[in-house]
Every structure is written in structure tokens, then in C-alpha cells.
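S.K.: Following is a predicted model, sequence given first.
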Amino acid sequence: MKKLLLLVIPVLFITACSKDKGNYSYHTINEVSFANFDSVNGYIAFFGDTFRIAPTIVSSQNQESDTAYTYEWSYRVSTVTSATADSVMSTARNLNVLINMPPGNYTLMYKVTDKKTGVQFHILTTLTVSTEVYEGFLVLSDVSSQSRLDMLSYNKGNNTFTRYTDVLKKMGSTAPMNGTPYQVLCMQYTTQGAQTYGIFLLNSAGTNRINQETFGWDPTYNIRYLMVGQVPADFTALRLTGSSTHGTAPLIYMYGADGNVYDYSTFAGYAFKYSPLNVYTVAGAPFKVSPYIATDGVSALMYNQDKKNFVNVASYTSTTVTDVDTSYHYPSGLDLQYMECIYYAEAGQNPNSYAVLRDPTAQKSYLLQFLLRQKQTYYKEITGTGIDQATCFAVSPDLGYLFYSVGGKLYEYDPSLQMSTQMADYGGAQISYLSFPHIATRYGKPNYITWTKSLLVGSYDPAGPAGGNGTLEQFSIPDVNRPLVKTNSWTGFGKIVSAGYRER
């Protein structure tokens with residue numbers, strides 16, 4: 001209990017030599033505590049909405065709170081390095097304000113000052129300013145040869161997803177979507193400026209970013225504004241492969257519609273150099289390169305489709321490539337069908353890369369496993385059912401199982417046992433998409449770790465209505481080849497071609 005110290009001075013003649021006999025009096029003062037205020041879970045407010053909190057003031061001396069106190073509601077950005085001063089939201093007893101600060105995480109403070117004593121009491125909590133598109137899965141579909149972006153918006157308060165069909169239309173975005181869809185990629189792409197997170201949309205109409213908060217678009221969001229050199233006005237990318245695991249040094253490789261690869265990194269001034277990377281000498285003739293690239297954020301591996309061999313990209317400062325040393329025992333003379341660097345869901349392990357190759361003469365397929373910049377660790381024929389007809393591939397980040405689809409059938413291939421197991425049969429529906437989503441900021445976030453370990457399967461019914469015949473399902477992966485466990489299922493998509501997670 002707080003007490004106020006009062007010094008009582010008698011009206012007497014006082015000299016410098018008089019003794020202080022300790023004539024003090026202690027009086028109990030009013031103390032304030034708070035109720036109906038969530039200091040544990042915090043609050044979520046939506047940008048542009050009115051946000052209200054009506055806490056109860058509990059007074060130890062039953063003081064009338066409307067006349068006995070002054071009030072202040074304030075916030076600041078919730079980052080350790082933030083030196084931003086508190087911003088006052090309101091001086092009313094109850095909070096009732098329009099939320100207009102940018103979406104993000106904040107610390108919210110409520111201060112109550114006793115007018116009589118000047119003693120201040122306060123309480124802190126967290127405030128997340130969100131939007132309907134704050135975070136969640138972005139799903140790119142083909143609808144009658146046109147692109148449509150849908151969203152499964154995640155509400156962390158109740159751990160649910162809400163599906164928004166044609167989310168760009170909902171948000172009033174004018175991003176070009178009139179063309180065949182290729183890919184959606186979500187990742188941090190820079191550490192400079194207000195827009196640091198990239199939501200990239202690739203389709204035959206062009207390659208563009210959209211605003212990381214509002215999904216808005218203007219012409220400067222075209223990929224050409226992230227490129228240096230004599231870039232054609234109609235330049236379009238077919239595939240982006242990126243890594244932002246190092247945070248301050250995002251690295252992206254872009255496979256263009258012209259058949260060349262271009263790279264982007266911090267050390268290139270946050271720009272794609274319009275100079276093909278698929279060359280052995282500077283200004284040399286580009287070779288035909290595969291769109292599949294494996295990168296761990298430091299270097300990369302590509303595939304020369306002319307010579308049918310793997311080539312190294314030594315680092316993010318490279319301007320040319322070299323053939324992989326023969327002592328590494330990488331195969332050659334085959335067709336590359338799939339390659340990806342797979343990050344473990346948990347921290348502390350270097351990511352493995354996997355490639356599926358096919359011998360068109362012998363009609364055989366092979367699985368290659370390797371760590372970048374090191375010798376291959378596994379190379380064997382895939383003896384799985386229907387592997388010669390497989391169209392979609394994905395590898396479990398923790399268990400190393402290879403998943404592939406044949407029409408409407410889903411198979412799990414165990415490289416150790418060299419055996420495939422049919423995990424699902426969609427009948428007349430076709431599987432159009434498989435992936436284990438890479439969420440760079442997953443560490444320390446249980447839901448993100450779970451989703452990184454979960455397989456996404458996109459399927460569609462060719463006989464169903466265009467734009468509503470697609471389904472996205474999420475499965476957890478048990479070990480020892482046991483049946484998959486379906487954890488989520490969403491319908492109402494088109495033919496799904498790509499999905500990414502807009503993380504926070």
C-alpha cells in the first residue's frame with residue numbers, strides 16, 4: 001500500500017541549531033488497480049474500424065473516478081530497437097477511437113493519474129492492428145485461362161481461416177490479372193523503405209508486386225522497377241525462387257519468359273541485374289536453363305538443359321556459373337523434372353535439396369539429395385508406382401518423403417525403403433498443386449512450424465464450374481508411411497497453380 005509522507009512544521013522560532021525530533025505523519029493514499037482489461041492476451045483491432053475498451057477503475061478509497069483522475073491512452077511500436085515516443089490516442093476514461101496507424105504490433109498503455117496526489121498508475125498490453133488481409137494463405141488459381149487470387153485470411157484470436165474469393169477485387173486493387181497464372185510468392189525482399197515485404201504475382205499479363213498492407217497497385221510495382229539495365233517494356237517472369245532466411249540479405253532468382261535467369265540481392269543494390277546469370281563467361285552466350293533452382297540464401301544450383309548437367313552459382317555476388325565438379329558425383333545426361341531447397345521446420349539444421357530427374361531413353365526416374373556446395377548424399381532410381389507419369393512434386397522438410405501426383409492419385413515415396421504408398425485418390429478430380437509452404441519467420445511460432453510441416457494439396461474437378469471447382473487441403477504427415485491426417489479443407493477455388501503464406 002502506498003503512503004504519502006507529510007512533514008508537520010510547528011509555528012515556532014527555529015534556529016539552525018534546533019534538533020529535528022522526527023515529527024512526521026504518514027497517511028495512507030488512494031491506490032488504483034484495473035479490471036476488465038486484458039493485459040495477458042492483448043487486443044486485435046482492425047485498421048479503419050472503431051476500437052473500444054472500457055476498463056473498470058478499482059479505487060482503494062472508493063474515489064469517484066470521473067472527477068478524481070486524469071486519463072491517457074497511448075501506444076508505441078512493439079520492437080526492441082524502437083526509440084519511437086509514445087503516441088497519445090485519447091485522454092478519455094474509456095477508449096473509443098478510429099484506428100488509423102499502420103497494421104502491425106504495438107504496445108498499448110493506459111495511464112491514470114490521481115489529481116489529488118499526482119500519483120500515476122498504468123497498465124500495459126499488446127495491440128495488433130490488423131486488416132482482413134493481414135495474414136494468411138494466398139491462393140492463385142486459373143479460371144478459364146485468367147488469373148484469380150483468393151485468400152484464406154487467418155484470425156489468430158480464434159485460430160480460424162476465412163476465405164475471400166477474388167481478394168484483389170474485394171480490396172479494390174487494380175493489379176493486372178488478365179492472363180494465365182504462374183505463381184504467387186510471399187517473402188521479405190528488402191530492408192529499405194516502408195514497403196519491405198513482397199507479395200509477387202506472376203502471370204502472362206506481367207510480373208507485379210502488390211502493396212503489403214492494402215493489396216493496392218500502381219505501375220511502379222511492376223517488376224521492371226526492381227531491375228537495372230535495358231529492360232524490355234513487356235518483360236515477364238515465369239518463376240521466382242527466393243530465400244530470406246538471413247533476414248537482412250534476401251536473395252531471389254528469377255526465371256524470365258525469355259528463358260534466362262536473373263538474380264537479386266542486397267549486394268546488387270536491391271535490384272535484378274538485367275544480365276543473364278546462365279552463362280559461363282561474362283557476356284557469353286546463355287545456355288538453356290531449367291526454371292527449377294535450389295538456393296539456401298548463400299549460393300544456388302541450376303541445371304543446364306543443353307549439356308544436361310548441374311551448374312553452381314558460387315554466391316549472391318556471382319555473375320557467371322561453373323559446372324559442378326565431377327568429384328561431387330552429380331548425375332548428368334538426364335531431364336530435370338523438379339528441384340527445390342527444403343528448409344527444416346525447426347531451426348539449427350542446414351537445408352537439404354532434392355531433385356527428380358528422368359532418363360527419357362530408359363524410361364526411368366531418379367531422386368537426388370544434396371547439401372549445396374557439397375557432394376551428393378543420395379542418388380537412386382525411384383521405384384514408385386506411376387512415377388513416369390508424375391506431374392507435381394513436393395518433399396517433406398522433416399521426414400524426407402517425396403510426394404508426387406499422377407492424375408488424381410497422391411503417392412508418398414520413402415527413399416529409405418524405396419517404396420511408394422498411395423495416400424489419396426480423388427477419383428475424377430485432378431491434382432494441380434503440391435507444396436510444403438516455406439514460412440521464413442516460423443521459428444518460435446508453433447502454428448507456422450506446423451504449417452511448414454503440412455502438405456498442401458490443390459485439386460480440381462474438370463467437370464465442375466470454372467472458378468468454383470477447386471479444393472485446397474492441408475495434411476499432417478505421420479512417420480512410417482502411415483495415412484495422412486487431414487487438418488483443413490477449403491473449397492471454392494479455381495484450378496490452383498500456386499499458393500504462398502503472407503506471414504507476420
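M.R.: Looks like it arrived, so ask away.

S.K.: residues contacting Arg209?
M.R.: Counting by CB atoms under 8 Å, 6 or more residues apart in numbering, Arg209 makes contact with Gln195, Gly198, Ile199, Phe200, Leu201, Trp217, Tyr221, Ile223, Leu226. Backbone N, C-alpha and C define where each C-beta goes, glycine included.

S.K.: element containing it, please.
M.R.: Per DSSP states H and E, Arg209 falls inside strand 206-210.

S.K.: burial of Pro446, as a residue count?
M.R.: Residue neighbour count, defined by other CB atoms under 10 Å, stands at 8 for Pro446.

S.K.: likewise Thr107?
M.R.: 17.

S.K.: so which strand or helix has it?
M.R.: Counting by DSSP H and E, the element that carries Thr107 is strand 104-114.

S.K.: Could you do Met151 as well?
M.R.: Per DSSP H and E, Met151 falls inside strand 146-155.

S.K.: chain center to the strand holding Arg209, what's the gap?
M.R.: Centre-to-centre, strand 206-210 and its host chain are 17 Å apart (CA atoms, centre = their mean, to the nearest Å).

S.K.: now do stretch 383-399
M.R.: 25 Å.

S.K.: after the strand holding Arg209 comes which helix or strand?
M.R.: The C-terminal neighbour of strand 206-210 among helices and strands, as given by DSSP H and E, is strand 227-228.

S.K.: residues touching the residue nearest to Tyr411 when sequence neighbours are not counted, list them.
M.R.: Leaving aside its sequence neighbours, Tyr411 sits nearest to Ser420 (CB to CB, 6 or more residues apart in numbering; 4.7 Å). In this structure, Ser420 makes contact with Thr383, Gly384, Thr385, Ile387, Tyr411, Glu412, Tyr413, Asp414, judged by CB under 8 Å, 6+ apart.

S.K.: mind redoing it with 6 Å?
M.R.: Gly384, Thr385, Tyr411, Tyr413 (CB atoms under 6 Å, 6 or more residues apart in numbering).

S.K.: Does anything pack onto the strand holding Met151? Which helices or strands?
M.R.: With contacts taken as 3 or more CB pairs under 6 Å, 6 or more residues apart in numbering; DSSP states H and E, strand 146-155 sits against strand 136-143, strand 160-164, helix 167-170.

S.K.: Partner strands of it, with direction?
M.R.: strand 136-143 (antiparallel), strand 160-164 (antiparallel) (DSSP bridges).

S.K.: For it, output the C-alpha coordinates as PDB.
M.R.: Output in PDB follows, covering the C-alpha atoms of strand 146-155 (Å, rounded to 0.1, in the frame of the first residue of the first chain):
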ATOM      1  CA  GLN A 146      -7.400 -16.000 -66.400                       C
ATOM      2  CA  SER A 147      -5.700 -15.300 -63.100                       C
ATOM      3  CA  ARG A 148      -7.600 -15.000 -59.800                       C
ATOM      4  CA  LEU A 149      -6.100 -14.500 -56.300                       C
ATOM      5  CA  ASP A 150      -8.100 -15.800 -53.400                       C
ATOM      6  CA  MET A 151      -7.100 -15.500 -49.700                       C
ATOM      7  CA  LEU A 152      -7.600 -17.700 -46.600                       C
ATOM      8  CA  SER A 153      -7.300 -14.900 -44.100                       C
ATOM      9  CA  TYR A 154      -6.000 -16.100 -40.700                       C
ATOM     10  CA  ASN A 155      -7.500 -14.900 -37.400                       C
END
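
S.K.: so for that strand, what's the average pLDDT?
M.R.: The average pLDDT within strand 146-155 is 97.

S.K.: Kindly report the same for stretch 236-252.
M.R.: The pLDDT scores in stretch 236-252 average 84.

S.K.: buried sites along that stretch?
M.R.: Residues of stretch 236-252 classed as buried under the neighbour-count rule (16 or more other CB atoms under 10 Å) are 236-245, 250-252.

S.K.: now do stretch 475-487
M.R.: Going by 16+ other CB under 10 Å, stretch 475-487 has these buried residues: Phe475, Ile477, Asn481, Leu484.

S.K.: Looking at those, which two lie furthest apart in space?
M.R.: Greatest spatial distance in these: Phe475 and Asn481, 13.5 Å, computed using CB to CB.

S.K.: separation between the nearest residue to Gly333 once chain neighbours are set aside and Glu340?
M.R.: The shortest distance from Gly333 to any residue other than its chain neighbours is 5.0 Å, reached at Lys308 (CB to CB, 6+ apart). Separation of Lys308 from Glu340 (CB to CB, to the nearest Å): 19 Å.

S.K.: more crowded one of the two?
M.R.: Using other CB under 10 Å, the more surrounded residue of Lys308 and Glu340 is Glu340, with 22 against 16.

S.K.: is it fair to say the more buried one lies in a strand?
M.R.: Yes: counting by DSSP: H, G, I helix; E, B strand; the rest coil, Glu340 is part of a strand.
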